[in-house]
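**Student:** Turn this into a model:
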Amino acid sequence: MKRAILLAVSISALLVAGGPAAAADAAKGIHVGNAGSFTGDAASPCMEIFHSAQLAVDEWNATGGIQGVQIEHIMGDDALDPAQGLNVAQRFVADERMYGVIGPPVSHIAQATLKTYGRAGLACITTAASKPELTESGFNHFFRVNARNDAHGYNCALFIQDTLQAKRVAVLNEKVAYCDNMATQTIKGLKALGVTDIFQDTIVAGAKDFYPVLTKVKNFNPDVLFFIATAAPDQAIGVRQARELGIKAIFLGSEGARDKKDFIEAAEGAAEGAYLYHFSPDIYAIDAAGGYVSAYEAKHGPLSGFGPAAYEAMNILLSAIDAAAADGDITRAEVVQHLHDIQGYSGILGIPITFDAKGDLEGGATYFFQVKGSEFVFQTVLTGK
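**Tutor:** Numbers count the residues shown, from 1 in each chain. Okay, here's the model as predicted:
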């Protein structure tokens with residue numbers, strides 16, 4: 001993919017508290033990090049994120065890198081653990097050649113590391129972390145190419161009411177930042193839309209046995225079961241055990257369920273007809289994404305939905321680093337400023353990317369899919385209207 005044009009780029013650097021004050025010679029090396037859960041239950045989508053970001057780096061390096069310098073892409077595995085995520089953040093921050101990070105993609109890891117990255121002025125572009133507070137904390141280094149939970153929650157409420165025609169809704173959520181906040185935002189949206197017959201309870205990630213809480217769901221007899229979990233394996237167990245208990249409710253999974261192997265295959269047929277929401281569109285339907293899709297699948301096989309946003313994010317980050325290094329010197333603060341100045345970036349996601357003053361994506365949307373056979377079939381996109 002050709003390097004994107006950064007529009008309305010300011011020359012001035014934005015000073016970030018705690019960030020490095022002195023400019024560095026770009027020729028000494030350019031590192032970019034990738035913070036994610038590359039082992040554990042979220043490994044499959046996170047590896048798709050890493051491979052997609054690497055594809056962007058490879059394309060830049062093939063055309064000369066940045067200022068003639070080859071870009072080094074460094075993995076930081078948090079294993080879905082906030083403490084390990086903090087270790088990754090500290091390692092990246094300490095690397096004087098590190099000018100930006102893709103991730104973390106999980107809200108509770110992003111939350112745990114926000115101050116560490118922020119105080120160092122190290123730009124982070126998440127592809128999936130959606131808890132609203134992440135861009136409400138006073139730091140200016142954090143960006144998203146995905147919509148926030150307050151948008152997703154209301155859109156899910158609209159989908160549950162208008163498309164699924166539900167009157168009674170059960171909401172089960174894992175007790176971590178993303179899932180808990182998503183449940184809160186969806187329930188808020190449902191009530192605003194007049195759906196008040198709601199059952200809510202919590203689940204524990206990796207529990208393997210959701211029968212006790214699902215028995216409560218069965219007794220409630222909902223029209224829709226919204227199962228909000230971080231990783232696909234838990235959602236596969238949830239839908240399978242719900243069907244084993246005879247729960248007839250429509251199953252709606254959260255974005256982590258968009259994994260053919262860990263959700264559709266692992267559910268052993270129980271996922272048929274289930275719905276899920278996601279932050280990323282059907283990439284196969286976007287003409288501009290054809291080159292990315294072909295290049296990715298030639299190396300790594302079929303895509304789910306987590307990689308495209310990472311490819312987009314890495315190209316945006318590298319464009320900002322390239323602009324910051326145009327005079328031969330570079331600072332982290334310059335990279336952050338150039339990211340804030342992006343207007344209408346056109347890449348592979350089918351929507352123009354503009355970050356608002358907080359670093360949030362303007363005009364973010366929520367995409368809905370249904371499991372049909374071995375595929376996730378796109379149903380609709382909602383934008384809060």
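**Student:** From the centre of the chain, give me the residue that's furthest out.
**Tutor:** When distances to the mean C-alpha position of the chain are computed (Cα atoms, centre = their mean), the maximum falls on N219, with 34.0 Å.
**Student:** Quick one, grab the pLDDT at that one.
**Tutor:** What the model reports for N219 is a pLDDT of 98.
**Student:** Sticking with it, tell me its helix or strand.
**Tutor:** Per DSSP states H and E, N219 falls inside helix 211-220.
**Student:** C-alpha coordinates for stretch 236-245, PDB please?
**Tutor:** Coordinates of each C-alpha in stretch 236-245 appear next as PDB, following Å, rounded to 0.1, in the frame of the first residue of the first chain:
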ATOM      1  CA  ALA A 236     -18.000 -20.900  22.200                       C
ATOM      2  CA  ILE A 237     -18.500 -22.500  25.600                       C
ATOM      3  CA  GLY A 238     -21.200 -20.100  26.400                       C
ATOM      4  CA  VAL A 239     -23.300 -20.700  23.300                       C
ATOM      5  CA  ARG A 240     -22.700 -24.500  23.400                       C
ATOM      6  CA  GLN A 241     -23.800 -24.700  27.100                       C
ATOM      7  CA  ALA A 242     -26.800 -22.400  26.500                       C
ATOM      8  CA  ARG A 243     -28.000 -24.700  23.800                       C
ATOM      9  CA  GLU A 244     -27.400 -27.800  25.900                       C
ATOM     10  CA  LEU A 245     -29.600 -26.300  28.600                       C
END
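**Student:** how about the nearest residue to the most centrally placed residue in the chain, chain neighbours excluded?
**Tutor:** Taking Cα atoms, centre = their mean as the criterion, A128 is the residue nearest the geometric centre of the chain, at 1.1 Å. Leaving aside its sequence neighbours, A128 sits nearest to P105 (Cβ to Cβ, 6 or more residues apart in numbering; 4.0 Å). For glycine as for every other residue, the C-beta is placed from the backbone atoms N, C-alpha and C.
**Student:** What is the three-state secondary structure of that neighbour?
**Tutor:** With DSSP: H, G, I helix; E, B strand; the rest coil as the basis, P105 sits in coil.
**Student:** Go ahead and confirm it touches F306.
**Tutor:** Yes. At 7.5 Å, P105 counts as touching F306 under the criterion of Cβ atoms under 8 Å.
**Student:** Now list whatever residues contact both of the two.
**Tutor:** Overlap of the contact sets of P105 and F306 (by Cβ atoms under 8 Å, 6 or more residues apart in numbering) consists of 45-46, 49, 127-128.
**Student:** Identify, from those residues, the entry nearest to D356.
**Tutor:** Of all those, D356 sits closest to T127, with 17.4 Å by Cβ to Cβ.
**Student:** Tally up the residues packed near the closest one, please.
**Tutor:** 28 (other Cβ atoms under 10 Å).
**Student:** picking that back up, which ones are touching the residue nearest to A128?
**Tutor:** Contacts of P105 by Cβ under 8 Å, 6+ apart are 36-37, 45-46, 49, 126-129, 306.
**Student:** mind giving me the domain split of the chain?
**Tutor:** Domain assignment for the chain, taken from automatic domain parsing, gives 24-147+287-340, 149-278+366-382.
**Student:** what about the longest one, how long is it end to end?
**Tutor:** This points to domain 24-147+287-340. 21 Å (Cα to Cα, to the nearest Å).
**Student:** Ok, stretch 294-308 next?
**Tutor:** Criterion Cα to Cα; first-to-last residue distance in stretch 294-308 is 12 Å.
**Student:** Give the rounded mean pLDDT of that stretch.
**Tutor:** Stretch 294-308 comes out with an average pLDDT of 95.
**Student:** Repeat that for stretch 330-338.
**Tutor:** 97.
**Student:** what does stretch 84-91 give?
**Tutor:** For stretch 84-91, mean pLDDT is 98.
**Student:** Give me the buried stretch members for that stretch, please.
**Tutor:** Within stretch 84-91, the residues that count as buried by 16 or more other Cβ atoms under 10 Å are 84-89.
**Student:** what's the answer for stretch 345-354, then?
**Tutor:** Under the neighbour-count criterion of 16+ other Cβ under 10 Å, stretch 345-354 has 345, 347-351, 353 buried.
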